[in-house]
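Student: Following is a predicted model, sequence given first.
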Protein chains: 2
Amino acid sequence: MKKNTREIIIEATAELLQKRGYVGTGINDIIKNSGAPKGSLYYHFPGGKEQMTIEAVQWTNNNVTAFIRSYLTKYDDAVEAIKQFILDSASRFDEDNYFQGVPITALVLETASISENLRNACQEVFDNWSEEFANKLMAYGYETEKAKDLGITINIMIQGAFVMSLARKDSDALKAVAEKVPLLLS
Amino acid sequence: MKKNTREIIIEATAELLQKRGYVGTGINDIIKNSGAPKGSLYYHFPGGKEQMTIEAVQWTNNNVTAFIRSYLTKYDDAVEAIKQFILDSASRFDEDNYFQGVPITALVLETASISENLRNACQEVFDNWSEEFANKLMAYGYETEKAKDLGITINIMIQGAFVMSLARKDSDALKAVAEKVPLLLS
């Protein structure tokens, strides 16, 4: 299906945010990368760069949340499902095939102090990802409050491990976290 | 003791990196913020912005590593020491009194793909922090390999929780992680 102009602009924005960050991405870069004329950008996104970024964050959120949900259905055992999900993230990191889209952790560190709208958009993403882990745990019989708390902790560990993997240029941190999952969920 | 020009430039660089990030910080900003003339900047830091940033990272590393080491001596019990350290980080987050200096997690996300020198400098910081937790565990009787693995995991959880705390504008994630420490170190 042919992508419409909105989608093309959102994906071009996501790609630039991944490469250059929020401060490093200008409207002119988005025009160049999307091929959309300036008037079209402001027609679709009257809120300018901030709005395009928020929609790129939401687009990333939809894709990654669906991926997590789908991956976790591969295993009945919630502990095994989450452990394997993190090991799969480690493999994708090694293959330089980590999620395409806006790097939410980088964006929140860059923008939390300059835009409440962006911070809220990033918070919603983290909440959604944590909920996917929590839902899997609940479906496997964990009590609601405990599942929510553990879902948040798993997401924290994945985000922290991803930072460490980038710093080390290897996926050891993601693998180390995966091995901690059974203990944490015991 | 009066600070020398090098120190003034390094601290001005750290402050700008905290506020604006690496891409958002220019040499002219460092000149303005430090009050040092341009010639003095290049005399002390022939490697320019990258070198100033690496030295600001090392300055942050020295300060924070010494703080972690000193804090952990407050408790004989390594598990309690690490848990209380994270709760203290949560309090400092709430008081808007988190570490002054270069935000290493933000910097590595911003620069890992553009500068190997900066990535290495950030990796060294994470290694040093992890080692402080590992050393405390070893002194308390944990076997070396296990202590190193747990030290890395604790640092991962703190960095991940800090990202989440920024996204949520509260320290709940840091507190949640502190509560997981006894289980993780059991």
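Tutor: Looks like it came in fine.
Student: From chain B, how far off is residue A:40?
Tutor: 27 Å (Cβ to the nearest Cβ, to the nearest Å). For the C-beta atoms, the positions are set from N, CA and C on the backbone; glycine is no exception.
Student: ugh, typo on my part, it should be residue A:131
Tutor: 14 Å.
Student: Could you check what's spatially nearest to that residue, not counting adjacent residues?
Tutor: Closest residue to residue A:131 apart from its sequence neighbours, by Cβ to Cβ, 6 or more residues apart in numbering or on different chains: residue A:151 at 6.3 Å.
Student: got it, and residue A:172?
Tutor: residue A:165 (7.2 Å).
Student: gap between the one you found and residue B:169?
Tutor: 26 Å (Cβ to Cβ, to the nearest Å).
Student: Please apply the same query to residue A:95.
Tutor: From residue A:95 across to residue B:169, the span is 35 Å (Cβ to Cβ).
Student: Those two: who's more crowded?
Tutor: Just comparing residue A:95 and residue B:169: by other Cβ atoms under 10 Å in any protein chain shown the higher neighbour count belongs to residue B:169, 13 against 9.
Student: what about the residue nearest to that one when sequence neighbours are not counted, which helix or strand?
Tutor: Nearest non-adjacent residue to residue B:169, counting by Cβ to Cβ, 6+ apart: residue A:119, 7.1 Å away. Using DSSP states H and E, residue A:119 falls within helix A:116-139.
Student: just residue A:42 next, same as before
Tutor: Using DSSP H and E, residue A:42 falls within helix A:38-44.
Student: got a list of contacts for that helix?
Tutor: Contact with helix A:38-44 is made by A:5-6, A:9, A:27, A:30-31, A:34, A:48, A:52, as judged by Cβ atoms under 8 Å, 6 or more residues apart in numbering or on different chains.
Student: So which elements touch the following helix or strand past that helix?
Tutor: Where DSSP H and E defines the elements, the next helix or strand beyond helix A:38-44 is helix A:48-72. Contacts defined by 3 or more Cβ pairs under 8 Å, 6 or more residues apart in numbering or on different chains; DSSP states H and E place helix A:48-72 against helix A:5-20, helix A:27-34, helix A:78-94, helix A:104-111, helix A:116-139.
Student: just those: most buried one?
Tutor: Each of those was scored by mean neighbour count; the highest is helix A:104-111, a mean of 25, by mean count of other Cβ atoms under 10 Å in any protein chain shown.
Student: Distance from the chain centre to that helix, please.
Tutor: 11 Å (Cα atoms, centre = their mean, to the nearest Å).
Student: and the residue of chain A found nearest chain B, which of the three is it?
Tutor: Of all residues in chain A, residue A:160 sits closest to chain B, at 2.6 Å by Cβ to the nearest Cβ. The three-state assignment at residue A:160 reads helix, by DSSP: H, G, I helix; E, B strand; the rest coil.
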